[in-house]
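**Q** quick one, fold the following:
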Amino acid sequence: MLTRNFGIEIELTGITREKAAKVIAEHLEGIVQKEGDNYKVTASDGRIWKVVYDGSIQTQRKLEGRKVQAGSNYSVEIVSPILTYEKDIERLQEIVRALRKAGGFSERQNCTGIHIHLNGTDHTPRSLRNFVNIIYSRNDLLYTSLQIEQNRMKYCKKMDQSLVERMNKKKPKTFKEIEDIWYEGYYSSRGRHYHESRYHFLNLHSFFNGVGTVELRGFNGTLHAGKIRSYILLALAMNHQALTQKSASSKKPQIENPKFAMRTWLNRIGFIGEEFKNPREHLIKHLEGSAAWRFQNIA
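**A** Next up, the predicted model:
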């Protein structure tokens with residue numbers, strides 16, 4: 001699962017887009033170019049990182065130790081090129097830490113988020129249906145685990161029950177059939193970039209609208225490098241499960257102990273071994289119960 005391509009978008013404020021571009025360029029031995037109000041950084045390996053404006057971010061900066069309102073140039077969204085976990089995760093974490101050290105921050109009051117795009121090339125109609133069911137069946141557990149902020153819910157809604165029911169009733173065999181189910185009930189053009197259907201934890205609009213990726217939007221903004229690593233691993237693991245499982249049920253499991261349920265599910269989808277210890281801890285931290293016992297009344 002760690003060999004599959006992904007991209008990441010990280011929203012932040014506290015520093016300007018120009019400053020963020022310079023920080024990235026410094027770490028990648030790259031060249032900064034201004035493009036209107038945005039910037040691009042061409043790294044020494046030829047890959048391009050973008051630093052762009054996002055109107056949803058509540059911009060701030062630090063002034064004499066206080067956070068105050070800031071201009072639109074403090075709206076920063078980092079858009080990575082195509083990455084792989086094994087080759088790029090350490091460098092990505094270094095960049096995140098450098099942005100934080102430079103004064104960047106990403107907190108609940110700023111309405112920032114993190115979006116992870118997964119390569120859609122290997123997906124089939126079956127695997128997309130699997131992905132929908134995987135997310136839906138773990139809706140509540142994921143939203144509690146990831147502490148998704150209320151002010152971000154309109155940008156990453158839970159999977160819709162009626163969509164899931166239509167998907168499993170019709171059992172689509174082609175991408176066109178899945179696409180029709182995905183857009184059912186919407187009246188705006190499917191070709192619209194900011195189509196309403198995209199604002200869900202799982203976004204297939206990016207898959208059908210020429211980008212060719214499956215996007216996961218259910219992550220709060222952060223410049224904590226360890227949390228970002230955990231989010232990427234979770235996205236890759238769920239993607240791998242969708243691709244490799246023969247089928248996935250939309251039935252929500254009975255959960256007596258959320259922390260135990262999350263830990264056992266993470267183990268099942270690949271979070272095994274020392275490398276995954278810290279990511280596991282990040283992902284179960286906010287859940288109630290015991291990670292060791294299914295039934296909490298066991299001494």
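
**Q** and the strands in this protein, which stretches?
**A** Remark: strands assigned in the chain by DSSP state E are 5-12, 31-35, 38-42, 48-52, 60-63, 66-69, 76-79, 83-84, 113-119, 202-203, 213-220.

**Q** contacts only, for the residue nearest to residue 172 when sequence neighbours are not counted.
**A** Nearest non-adjacent residue to residue 172, counting by C-beta to C-beta, 6 or more residues apart in numbering: residue 178, 4.6 Å away. Placement of C-beta: from N, CA and C, glycine included. Counting by C-beta atoms under 8 Å, 6 or more residues apart in numbering, residue 178 touches 125, 128, 129, 167, 172, 204.

**Q** the fifth one contacts residue 127, doesn't it?
**A** Pointing back at residue 172 there. No: with contact defined as C-beta atoms under 8 Å, residue 172 does not count as touching residue 127 (11.8 Å).

**Q** centre of the chain to stretch 171-178, how far?
**A** Its chain's C-alpha centre and that of stretch 171-178 lie 25 Å apart, by C-alpha atoms, centre = their mean, to the nearest Å.

**Q** contacts for stretch 94-101?
**A** With contact meaning C-beta under 8 Å, 6+ apart, stretch 94-101 is reached by 10, 12, 15, 20, 23-24, 26-28, 78, 223-225, 228.

**Q** which of those residues are buried?
**A** When the contacts of stretch 94-101 are checked for burial by 16 or more other C-beta atoms under 10 Å, the buried set is 10, 12, 15, 20, 23, 24, 27, 28, 78, 223, 225, 228.

**Q** wait, what's in contact with the last one?
**A** For residue 228, the contacting residues are 8, 10, 92, 93, 96, 114, 222, taking C-beta under 8 Å, 6+ apart as the criterion.

**Q** could you export the residues you listed as JSON lines, including distance to residue 40 and pLDDT?
**A** Listed next are these as JSON lines, based on distance: C-beta to C-beta, whole Å; pLDDT from 0 to 100:
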{"residue": "8", "distance to residue 40": "16", "pLDDT": "98"}
{"residue": "10", "distance to residue 40": "15", "pLDDT": "98"}
{"residue": "92", "distance to residue 40": "17", "pLDDT": "98"}
{"residue": "93", "distance to residue 40": "21", "pLDDT": "98"}
{"residue": "96", "distance to residue 40": "19", "pLDDT": "98"}
{"residue": "114", "distance to residue 40": "20", "pLDDT": "96"}
{"residue": "222", "distance to residue 40": "24", "pLDDT": "96"}
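
**Q** nearest to residue 108, of these?
**A** Nearest to residue 108 out of the contacts of residue 228 is residue 222 (C-beta to C-beta; 9.9 Å).

**Q** can you count the residues close to that closest one?
**A** Look at residue 222: counted by other C-beta atoms under 10 Å, it has 23 neighbours.

**Q** does it touch residue 108 like I think?
**A** No: using C-beta under 8 Å as the test, residue 222 is too far from residue 108 to be in contact (9.9 Å).

**Q** which helix is the longest one in this protein?
**A** Taking DSSP state H as the criterion, the chain has its longest helix at helix 225-244.

**Q** show me what counts as buried in that one.
**A** Neighbour count says helix 225-244 has 225, 227-243 buried, by 16+ other C-beta under 10 Å.

**Q** so where is this protein shaky, pLDDT-wise?
**A** For the chain, the stretches with pLDDT under 70 are 291-299.

**Q** and residue 68, what does it touch?
**A** Contacts of residue 68 (C-beta under 8 Å, 6+ apart): 60, 61, 62.

**Q** how far away is it from residue 17?
**A** Using C-beta to C-beta, to the nearest Å, residue 68 is found at 18 Å from residue 17.

**Q** hmm, back to that, now render the strands of the chain as JSON lines, adding distance to residue 273.
**A** Output for these, formatted as JSON lines (distance: least, C-beta to C-beta, whole Å):
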{"stretch": "strand 5-12", "distance to residue 273": "20"}
{"stretch": "strand 31-35", "distance to residue 273": "39"}
{"stretch": "strand 38-42", "distance to residue 273": "34"}
{"stretch": "strand 48-52", "distance to residue 273": "31"}
{"stretch": "strand 60-63", "distance to residue 273": "39"}
{"stretch": "strand 66-69", "distance to residue 273": "39"}
{"stretch": "strand 76-79", "distance to residue 273": "29"}
{"stretch": "strand 83-84", "distance to residue 273": "19"}
{"stretch": "strand 113-119", "distance to residue 273": "22"}
{"stretch": "strand 202-203", "distance to residue 273": "27"}
{"stretch": "strand 213-220", "distance to residue 273": "23"}
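
**Q** and of those, who's closest to residue 137?
**A** In this view, those are compared for proximity to residue 137 by C-beta to C-beta, and strand 202-203 is the closest at 11.9 Å.

**Q** cool, thanks, signing off.
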